[in-house]
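> Need the 3D shape of this:
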Amino acid sequence: MSRPGGAHQPVLLPEVLRQLQPAGRKRLLDCTIGPGGHAEALLEAAAADATLIGIDRDEGSLRRARRRLKRFGGRVRLFRADFADLATVLAEAGRKHVDLLLADLGVASSQLDDAATGLSFMVDGPLDMRLGAAAKRTAAELVNELSETKLADLIYRYGEERYSRRIARAIVAARRQNRIERTLELARIVTGAIPVAARRSRRGVRPPTRTFQALRIAVNDELSSLEALLGLLPGVLAPGGRAGVISFHSLEDRQVKRCFARLAEAGAVRRLTKKPLTATADEIADNPRSRSAKLRVIERTE
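Residues are numbered from 1 along each chain as shown. Here you go, the predicted structure:
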């Protein structure tokens, strides 16, 4: 989230610092560095000679992080990559293990506010949604080329949208007239497909939210990347090292929860948060984006 003037506002920052305990830790890793808000706070709290590796697949986010972290000089190394390729990044950095790992799975506000990304249904832009070079198909290609059944399944699976079939039917009917290429056009179609009474009962969740989420996840193969990252954690964390993952929807949180439970049962880690930590009422009032954020943390056992 952004403050007035554009300063990035990282979510759940007090909980991240309290749970990951950066003081005294020397090898830090931010898997989703974004504009660098969490990374800056971690470096400030860590040992004076601590170093940080930052990863992001978005070049714009890396530029912002580079500016924000410039004062730390050579203590910071940034890589443009998907965190699923963490092993390759660490090898390039000459590092096998880290003492602290953070992955904030949310989309940066700077990306949402940029109409060119096509992520937001609040501004008009091309229906793109690709967050990195690895993403090959745009959201427009999915919307215009998938069959009605596959489109409905995608919206239901990744958006948990109960009206997925109605939405898919409306999209297919609209694209018969003209190809759907713009975000506001798709938002209008989705909103019209959802019953008026259902729109009113969504407790602040706007009608297009789940459909746009589903398309973004599919375009960027986000759940597969998360699965790859979670599988790497036991080998990446040094003994006593801590890892925290901030998720923003139930699909991610379930995946993290189940993985952490399996690792704990195998004796590889200790779960420090059996229930996810969430934002306080004050933080939500100050930063509405934190409303859906959930933090889970583990510690590598000896």
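> in the chain, which spans are strands?
Remark: strands assigned in the chain by DSSP state E are 27-30, 51-56, 76-80, 98-104, 237-247, 269-271, 277-278, 294-300.
> packing partners for the third one?
In this structure, strand 76-80 makes packing contacts with strand 51-56, helix 59-68, helix 86-93, judged by 3 or more CB pairs under 8 Å, 6 or more residues apart in numbering; DSSP states H and E. Quick note: C-beta positions are derived from backbone N, CA and C, even for glycine.
> Tell me which other helices or strands the first one touches.
To tie it back to what came earlier, the one meant is strand 51-56. The helices and strands touching strand 51-56, judged by 3+ CB pairs under 8 Å, 6+ apart, are strand 27-30, helix 37-45, helix 59-68, strand 76-80, helix 86-93.
> strands paired with that strand, and their directions?
Sheet pairing of strand 51-56 (DSSP bridges) gives strand 27-30 (parallel), strand 76-80 (parallel).
> so where's the protein shaky on pLDDT?
Across the chain, the ranges flagged by pLDDT under 70 are 1-8, 133, 201, 203-204.
> got the domain boundaries for it?
Listed domain ranges for the chain are 13-110+222-300, 136-220 (source: automatic domain parsing).
> Endpoints of the shortest one, how far apart?
The distance separating the two terminal residues of domain 136-220, taken as CA to CA, to the nearest Å, comes to 8 Å.
> on that earlier part again, mind putting the helices and strands packed on strand 76-80 into a markdown table with distance to residue 266?
Below are these laid out as a markdown table (distance: least, CB to CB, whole Å):
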| stretch | distance to residue 266 |
| --- | --- |
| strand 51-56 | 26 |
| helix 59-68 | 34 |
| helix 86-93 | 20 |
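> Tell me which of those is the most buried.
Mean neighbours per residue, mean count of other CB atoms under 10 Å, is largest over those for strand 51-56, with a mean of 24.
> Please save the CA atoms from that strand in PDB.
What follows is strand 51-56, C-alpha atoms only, in PDB (Å, rounded to 0.1, in the frame of the first residue of the first chain):
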ATOM      1  CA  THR A  51      23.400  -8.700   4.100                       C
ATOM      2  CA  LEU A  52      20.100  -9.100   2.200                       C
ATOM      3  CA  ILE A  53      19.200 -10.800  -1.100                       C
ATOM      4  CA  GLY A  54      16.100  -9.400  -2.700                       C
ATOM      5  CA  ILE A  55      14.100 -11.100  -5.400                       C
ATOM      6  CA  ASP A  56      11.200  -9.800  -7.600                       C
END
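> Give me the residues contacting it.
Residues from elsewhere that reach strand 51-56, judged by CB atoms under 8 Å, 6 or more residues apart in numbering: 26-34, 36, 39, 42-43, 46, 62, 65, 69, 72, 75-83, 86, 89-90, 93, 95, 98.
> Pull out the buried members of those.
For the contacts of strand 51-56, a burial check counting by 16 or more other CB atoms under 10 Å picks out 26-34, 36, 39, 42-43, 46, 62, 65, 69, 72, 76, 78-79, 81-83, 86, 89-90, 98.
> one step back: closest one to residue 123 among the domains of the chain?
domain 136-220 (7.0 Å; CB to CB).
> who's sitting farthest from the centroid in this protein?
Distance from the centre of the chain peaks at residue 177, with 34.5 Å (CA atoms, centre = their mean).
> mind checking how far stretch 29-36 is from the chain centre?
11 Å (CA atoms, centre = their mean, to the nearest Å).
> who touches it?
With contacts defined as CB under 8 Å, 6+ apart, stretch 29-36 is touched by 8, 38-39, 42, 52-56, 61-62, 64-66, 68-69, 78, 83, 86, 98, 100-106, 108, 110, 229, 236.
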